[in-house]
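*Asks:* structure for this input, please:
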Amino acid sequence: MVKIVVLISLILASFQVFSQEFIIGLNERDIYRYKNEKGEWAGKDIELIKAVFRRTPFKYKIVSMPWARVIRGLEAGAIDMTLAATALPERKKYAIFTKNNFRYSHHMLFVHKNKLNLFDSVNVLSDLTKVNVVIAALRGAIYYESYPALLQNKKFTRRIVYISDDQVMSDFVLKGRADGYIESEMEGKHYLLSQPEFSKNIVPLFRITTDEEAGSKLMFSKERVSVKQVEVFDIALKALHESGEYEKISKLF
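*Replies:* So this is what the prediction gives:
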């Protein structure tokens, strides 16, 4: 009788681990993840996460929310996971990260052409402490692992204004509310091409990330997801990259 109970417990535990539907919290971003004309999720991240889940026994559901709310949801256990996140020590208190990268992408500093002279001495992001400029950044975003240390510098944070929707950054600069902004290289250049007024007045200045810093992970809530489940995603990510499917998807965007 005891053996039967133990066997049933093991079966139920295995079922709970591998039958879960994961709630993915996402902020909408052009190219990477957005709602198409049919109201369906599309973009590079969506194609990548589909490819990941095909290599797991899990299902998923995507919920749209601002990035800052995604982070709060993971910490509180309101959602299971999110995509393309930087693995930071403070996040590891409430989140589990995959060891393998989900996606590679650089971030850049974009500036208004009329303000270029203000950035003559700016070669890296920390140089912003030396100049009188205002830079827009996405609220809650961490662009690379050492970025939080830079945020401890009061001279730097005085240069930053936070925005909840990165899709309005170009407009924000054109309205004179900032001299530049931090954005994904791919998205930022896409925004510039989307409207003549943007490409006429805004230019990419330099990458703020190195090739090593360009990798991002899948991020899971400790309140809802087990280490064993994350290990399944790590195996799937390894297979995604080794199979060549990651490169195949990337060429579509």
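*Asks:* return the set of buried residues in stretch 81-99.
*Replies:* For stretch 81-99, burial by neighbour count (16 or more other CB atoms under 10 Å) applies to 81-88, 91, 94-98. C-beta: built from backbone N, CA, C; applies to glycine.
*Asks:* now, the residues you listed that are in helices?
*Replies:* Counting by DSSP state H, no part of those is found in helices.
*Asks:* for these, give me TSV that also has pLDDT and distance to Leu151.
*Replies:* Putting the buried residues of stretch 81-99 into TSV (pLDDT from 0 to 100; distance: CB to CB, whole Å) gives the following:
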residue	pLDDT	distance to Leu151
Met81	98	25
Thr82	98	20
Leu83	97	23
Ala84	95	20
Ala85	94	17
Thr86	91	13
Ala87	92	17
Leu88	89	11
Arg91	95	14
Tyr94	98	19
Ala95	98	19
Ile96	98	23
Phe97	98	20
Thr98	98	25
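*Asks:* show me these that map onto strands.
*Replies:* Met81, Thr82, Leu83, Ala84, Ala85, Ala95, Ile96, Phe97 (DSSP state E).
*Asks:* got the residues you listed as TSV, with distance to Ser121 columns?
*Replies:* Shown next, in TSV, are these (distance: CB to CB, whole Å):
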residue	distance to Ser121
Met81	41
Thr82	36
Leu83	36
Ala84	32
Ala85	32
Ala95	37
Ile96	41
Phe97	36
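*Asks:* let me know the closest of those to Thr129.
*Replies:* Nearest to Thr129 out of those is Ala85 (CB to CB; 26.4 Å).
*Asks:* ok, of the ones in strands among the buried residues of stretch 81-99, which one's closest to Met108?
*Replies:* Of all those, Met108 sits closest to Ala84, with 16.0 Å by CB to CB.
*Asks:* excluding its backbone neighbours, what's nearest the closest one?
*Replies:* Spatial nearest neighbour of Ala84, chain neighbours left out: Ser216 (4.2 Å); criterion: CB to CB, 6 or more residues apart in numbering.
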